[in-house]
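Student: Here is the input, now give the coordinates:
(chains A and B)
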Amino acid sequence: MILRFIKESITRAPRRKALIIAAIAMGSAVATAMLGVMLDIGDKINRELRAEGANIVVTPRAAELTGGVGSINASAANAANYIPESQVPNIKKIFWGLNITGFSPSLAAQDGALQVQGVWFQHPYKTPQGETQTTGIGKVNPAWQIVQGRWTPDVNNECVVGASAARRYGWKPGAVITVFGSPFKVAGILSTGDEADDRVFVPLERLQQLTGRPGQVDQIDVAALTKPEDDFARKDPKTMTAKEYERWSCANYATSIADEIEHALPGTQARLVRKVADSEGKILSSVGGLMGMITLVALFSAGLTVWSLTATTMMERRGEVAIMQAIGATRGLVATLFGLEIALVGLVGGVMGAVAGVWLAHYVGASVFHDAIEVAWILPWLIVFSAMVIALAGASQPLYRTLRMEPADILREGV
Amino acid sequence: MFFRFVIRALQYRKQRLWLSFSALAIAAALATVLFGIYGTVERRMRDEFRSYGANVVAVPVGGRTVPLELVAAAEKLGAVAAPFLVTSANGMVVSGFVPAKTTALTSYWHVQGSRAIGPGECLAGELLAARLHVGVGSRTPLCIVKGIVSTGGAEDRELLVNFDTAATLAGIHDSASLIEIRAPGDQVETVRATLAQQFPAADIRTIVAVAATESSVVRKIRASLFLLTLIILAITTLCVTSNFSEMVIERSREIGILKAIGAIERRIAALFISESAALALAATVVGYAAGLFAAAAIGREVFGGIFRLQASWLVFAGVAGVMLIVAATATAIAASRIWTIQPAIILRGE
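Tutor: Residues are numbered from 1 along each chain as shown, chains lettered A, B, ... in the order given. Presented below is the predicted three-dimensional model:
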């Protein structure tokens, strides 16, 4: 009986049903697409912002404890002042290891007027999960451009030179230069606009041999995906209660990641590069806020559209309700019949909309970020559910009012 | 007579119209918010990127300094510029800066104590301060420490003094060792090229990481907003279209009567289109007003600052245009039925 009622209702007015289903589907599609993009865009922008370079710098702690007033102690460069290279991959072992997109250990040295830095170019390492990945200077600074030549693949007698140094000394790719009495072939010229333009980059291992500091690095640049700082993040971990500390270290704030790195690499201190870390926090929170607000507006209007549409339809079908009541249907039965029908319409429209919305979100991701937007699996289900609830809610008020009116009055009105 | 018909038609079906009207007003408000946000998002995002500081830097080519006139030249081009002079004294790296000019470029400095320094006063980098065991208010042979700076960069190991103090220490006049410049995000290359032409003695570089990231992020946010706006508008338009067609179709009986008493089809169609247009215009006005408030609230919530209504005729015209076109097309499509309606059949109740 119920099924027949619904079937009849659809076959009698297929066009009208199609219109409602289409409207619900459109509302659900907008909602799904907006929510999908909004929930993932922060992550996407965060990755884009990693082009700014490292947001955390790790240095040996000993460096800050030596020396005295008014003088730089010669022991500032002594053997105790280093991080063992073998420990560097431990950075990936921290709780937020997966959020660390790259790290680049380096060793600085001065050969006459020339600033030399030993770095990893493309260095393989083992992750705690047992995979082999590569990292290095290019991974941490993706915006750095080689203007001539190419990056070197960690070959012992090749180097990359900064654009200013290259101009000053007239170096071209392919030239052979002498650093610490050892010949290096210039593989490429690097243009960055910052201090790196004045430097010569050589493979780390080679510089360690040349300067007699095997297995040592004096700085690690770390690029991490972090959460924008809020007031809680700025609290001093030392003044927190145990519970607060747990919450703090379980969030991927830049400060808590730095704190974890210090624990993973004893004897070091990890500091935020304020310029990068602070600014990206600001940008991420305003992008998040913007998307959140637009989503809110879109959800609100999608909801209202579905609501008003079902309300209108219900009102137009007052005659049907009156006839059913006139031939003896109870209020409960009428409410059940219409409720089921509307729920079914909401379900069909919601499912169509959710599918279309997921597709639209993917389309936005693919065309803007060249990368898939990940839509959480629960989102389409939530949307379908909300579509049904909103449709029912929209219909309930007019239905309730009609049910309480005298059928005779409605029928005489000749709606 | 024509207008009386339109007005009466609007009055007669109040409740039905009220619902359509609110649906249309919602669509208009949504369009206003989206147009408004899309129009300002680029400028606002670029403002946020200012906190990254300089995107262009001038350093000496051959000698040790760059001329100070470069600061004024950069400012004339609409950029913010601040000179720095790095020298050494007592075995420390001493860096001279102009506090007033530097503030805008270094909003990321975390200063404990006071940021403003006078003659004989200085800021100490965090690492240097730890090494020297000095704090806010301590005296060093050079100056009184007014604040401790933490940046995560080179400043952490430096003593920051007034530019003139550093110039005296170094014995240099009218030049700096480094000039940091923040050019408006979309004019970085122009500013760099102009300055490079004016000052061949300086190496003017674009800081790739800052400039490239800014343009790529701004472009991507604008592009995603554009697509989302398009999707929302397209879907809203479809909903509005069906709403308008529905309004004509459900009045078949009325059309039948009009035809039966001798109205010509064109006249009836004109009637319906004017009705829809009136409704669309009214909905635009209400929706636009609501959208303005929503956009202002979003602007304040997201980007901070004051609650400001930014009425723009362009946005209003855009919204009104979209609504009118949608109303006219939708009604016209539905109105094509007017020609096929047979009064006798409709009125008999089929």
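
Student: you'd agree residue A:398 is up against residue A:315?
Tutor: Yes - with contacts counted by CB atoms under 8 Å, residue A:398 reaches residue A:315, the gap being 4.7 Å. Heads up, the C-betas are built off the backbone N, CA and C, glycines and all.

Student: list the contacts for the residue of the stretch 51-200 of chain A found nearest chain B?
Tutor: Chain B sits closest to residue A:193 of the stretch 51-200 of chain A, with a gap of 3.7 Å, by CB to the nearest CB. Counting by CB atoms under 8 Å, 6 or more residues apart in numbering or on different chains, residue A:193 touches B:56-57, B:205-211.

Student: can we see that at 10 Å?
Tutor: Counting by CB atoms under 10 Å, 6 or more residues apart in numbering or on different chains, residue A:193 touches A:143-145, A:163-164, B:54-57, B:59, B:192, B:203-212.

Student: in a helix, that's where it is, yeah?
Tutor: No - under DSSP: H, G, I helix; E, B strand; the rest coil, residue A:193 falls outside any helix and is assigned coil.

Student: Quick check: it vs residue B:69, distance?
Tutor: Between residue A:193 and residue B:69 the computed distance is 22 Å (CB to CB, to the nearest Å).

Student: again with residue B:319
Tutor: According to CB to CB, residue B:319 and residue B:69 sit 50 Å apart.

Student: next one: residue B:235
Tutor: Taking CB to CB as the measure, residue B:235 and residue B:69 are separated by 57 Å.

Student: more neighbours, these two?
Tutor: When residue B:235 and residue B:69 are compared on other CB atoms under 10 Å in any protein chain shown, the one with more neighbours turns out to be residue B:235, at 26 against 12.

Student: Spit out the contact partners of that one.
Tutor: A:23, A:25-30, A:33, A:298, A:302, A:305, A:353, A:356-357, A:360, B:27.

Student: taking the residues you listed one by one, which sit in helices?
Tutor: Counting by DSSP state H, those place A:23, A:25-30, A:33, A:298, A:302, A:305, A:353, A:356-357, A:360, B:27 in helices.

Student: Let me know the closest of these to residue B:296.
Tutor: Among the ones in helices among the contacts of residue B:235, residue A:298 lies closest to residue B:296 (CB to CB), at 17.6 Å.

Student: Could you pull up the residues touching that closest one?
Tutor: Counting by CB under 10 Å, 6+ apart, residue A:298 touches A:27, A:30-31, A:33-35, A:38, B:30, B:33-34, B:228-229, B:231-232, B:235-236.

Student: those helices in chain B, which residues are they?
Tutor: Under DSSP H, chain B gives helices at B:2-12, B:14-49, B:69-76, B:99-102, B:126-132, B:163-170, B:188-198, B:208-249, B:252-260, B:265-303, B:313-335, B:337-340, B:343-348.

Student: Give me the buried subset of the ones in helices among the contacts of residue B:235.
Tutor: Among the ones in helices among the contacts of residue B:235, those scoring as buried are A:23, A:25-30, A:33, A:298, A:302, A:305, A:353, A:356-357, A:360, B:27 (criterion: 16 or more other CB atoms under 10 Å in any protein chain shown).

Student: Just want the angle from the lengthiest strand in chain B to helix B:163-170.
Tutor: Counting residues, the longest strand found in chain B (DSSP state E) is strand B:80-89. Strand B:80-89 and helix B:163-170 are oriented at 30 degrees to each other (axes from the mean of the first three to the mean of the last three CA atoms, to 10 degrees).

Student: for chain A, which spans come out with low pLDDT?
Tutor: Along chain A, the model assigns pLDDT under 70 to residues A:1, A:62-80, A:413-415.

Student: any idea which helix or strand comes after the longest strand along it?
Tutor: In chain A, assigned by DSSP E, the strand with the most residues is strand A:100-111. For strand A:100-111, the succeeding helix or strand toward the C-terminus, using DSSP states H and E, is strand A:114-119.

Student: Please name the strands paired to whatever helix or strand comes next after that following strand in the sheet, noting orientation.
Tutor: Sequence-wise, the next helix or strand downstream of strand A:114-119 (DSSP H and E) is strand A:123-126. If you go by DSSP bridges, strand A:123-126 pairs up with strand A:132-135 (antiparallel).

Student: re earlier: so which of the contacts of residue A:193 sit within strands?
Tutor: Within the contacts of residue A:193, residues falling in strands by DSSP E are A:145, B:56-57, B:59, B:203-206.
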